[in-house]
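**Student:** Got a sequence here, can you build the structure:
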Amino acid sequence: MKTIKIFKQNTLFETRQALGILAVDNIKVSRAGLDLLKAREEGKISYQEAVQSIVTKAKKYGAR
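**Tutor:** Now for the predicted structure:
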């Protein structure tokens, strides 16, 4: 699977599983989404920071 290759070999099972499920449903993850996922997995941001980032973007898109 192409999108998983941006992650290290020791990528968490949960990350690989989530990307695999999305791929099966032909859902493409944005570059921003992959960057956020990678930052979370590497411990650069907390779970709550990741959620807040998603909520902020959703509100931005909802306001259009």
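**Student:** tally of neighbours for residue 44?
**Tutor:** 11 (other C-beta atoms under 10 Å). C-betas here are computed from N, CA, C, even on glycine.
**Student:** Repeat that for the one 4 residues further on.
**Tutor:** The number of residues packed around residue 48, counting by other C-beta under 10 Å, is 8.
**Student:** Quickly find the element holding it.
**Tutor:** Counting by DSSP states H and E, the element that carries residue 48 is helix 47-62.
**Student:** swap in residue 44?
**Tutor:** Using DSSP H and E, residue 44 maps to neither a helix nor a strand.
**Student:** How is residue 32 assigned, secondary-structure-wise?
**Tutor:** helix (DSSP: H, G, I helix; E, B strand; the rest coil).
**Student:** That one: what's it in contact with?
**Tutor:** residue 57 (C-beta atoms under 8 Å, 6 or more residues apart in numbering).
**Student:** Low-confidence ranges, the protein, go.
**Tutor:** 1-10 (pLDDT under 70).
**Student:** any idea how far the residue most central in space within the chain is from residue 11?
**Tutor:** In the chain, the residue lying closest to the centroid (C-alpha atoms, centre = their mean) is residue 37, at 3.4 Å. According to C-beta to C-beta, to the nearest Å, residue 37 and residue 11 sit 10 Å apart.
**Student:** swap in residue 27?
**Tutor:** Applying C-beta to C-beta to residue 27 and residue 11 gives a distance of 18 Å.
**Student:** More neighbours: which of those two?
**Tutor:** Comparing residue 27 with residue 11 by other C-beta under 10 Å, the one with more neighbours is residue 11, at 16 against 9.
**Student:** Quick check: that one touching residue 41?
**Tutor:** Yes: the criterion here is C-beta atoms under 8 Å, and residue 11 meets it with residue 41 at 6.9 Å.
**Student:** what comes up buried for stretch 18-26?
**Tutor:** If you call a residue buried by 16 or more other C-beta atoms under 10 Å, then stretch 18-26 has these buried ones: residue 19.
**Student:** Just to check, residue 15 is in contact with residue 41?
**Tutor:** Yes: if you go by C-beta under 8 Å, residue 15 and residue 41 touch, sitting 5.7 Å apart.
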